[in-house]
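1. please find the sequence and the predicted model below.
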Amino acid sequence: MATTAATRTVTCENCGRMNRVPAAARGKPRCGNCKAYLPWIADAGDEDFAEIAEQATVPVLVDLWAAWCGPCRMVSPALEQLAKEKAGQLKLVKVDIERAPQLAQRFSVQAVPTLMVLNRGEVIARQPGAAPVDALRRWLDGAIARIPSGSRSGGN
């Protein structure tokens, strides 16, 4: 799948090698050196959300946030930690609602942060507000567990 979406440089937690990870791609990002799965974190907006989040090959944790929001800044490191812990199983997509008003309206965002889990574009779970990493991990694990294994996004 060709994409014009941005890439991020990610350090492999296994070997320390720097890798470029595209915002949208088929499969799951792996280290070019040791082949370990890499955390998949991407930014999306109104124009590229479908490609980056809804067409993802793994469940997607969507963070709808705003730059002026203190709780959003506090929860961001916890979400990135979960993306690292669940490398190869999850994609974290961050959406700045100030720059993506259509998505904010589409998902009826009334408070930020608003977190959602998507599978193949379908909202599986939703949580408004920030929470500690342990609570977010339990919520996320519960949401992913509700996805029937046969309908989970697949791919390598």
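-> That came through, no problem. Numbers count the residues shown, from 1 in each chain.

2. where does the prediction get shaky in the chain?
-> 1-5, 150-156 (pLDDT under 70).

3. how about stretch 21-33: buried residues?
-> Judged by neighbour count using 16 or more other Cβ atoms under 10 Å, the buried positions of stretch 21-33 are V21, P22, A23, A24, A25, K28, P29, R30, C31. All C-beta atoms are positioned from the backbone trio N, CA, C, and that covers glycine.

4. from the contact counts, what lies against whatever helix or strand A83 lives in?
-> Element membership of A83, judged by DSSP states H and E, is helix 70-85. When contacts are defined as 3 or more Cβ pairs under 8 Å, 6 or more residues apart in numbering; DSSP states H and E, helix 70-85 sits against strand 40-43, strand 60-65, strand 91-96, helix 133-145.

5. want to throw these into a markdown table with distance to T114 and mean neighbour count?
-> Below are the helices and strands packed on helix 70-85 laid out as a markdown table (distance: least, Cβ to Cβ, whole Å; neighbours: other Cβ atoms under 10 Å):
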| stretch | distance to T114 | mean neighbour count |
| --- | --- | --- |
| strand 40-43 | 16 | 23 |
| strand 60-65 | 4 | 24 |
| strand 91-96 | 9 | 23 |
| helix 133-145 | 13 | 15 |
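
6. save the ones you listed as a markdown table, and put in distance to A6 too.
-> Formatted as a markdown table, these follow (distance: least, Cβ to Cβ, whole Å):
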| stretch | distance to A6 |
| --- | --- |
| strand 40-43 | 7 |
| strand 60-65 | 16 |
| strand 91-96 | 12 |
| helix 133-145 | 24 |
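
7. right, and those - which one's nearest N14?
-> strand 40-43 (15.1 Å; Cβ to Cβ).

8. how far out from the middle of the chain is the closest one?
-> Put simply, strand 40-43 sits 6 Å off its chain's centre (Cα atoms, centre = their mean, to the nearest Å).

9. neighbouring contacts of that strand?
-> With Cβ atoms under 8 Å, 6 or more residues apart in numbering as the contact definition, strand 40-43 has outside contacts at 5-6, 8, 10, 21, 23-24, 28-29, 52, 58, 80, 83, 87, 90-96.

10. name the next helix or strand downstream of it, please.
-> Next along the chain after strand 40-43, taking DSSP H and E as the criterion, comes helix 49.
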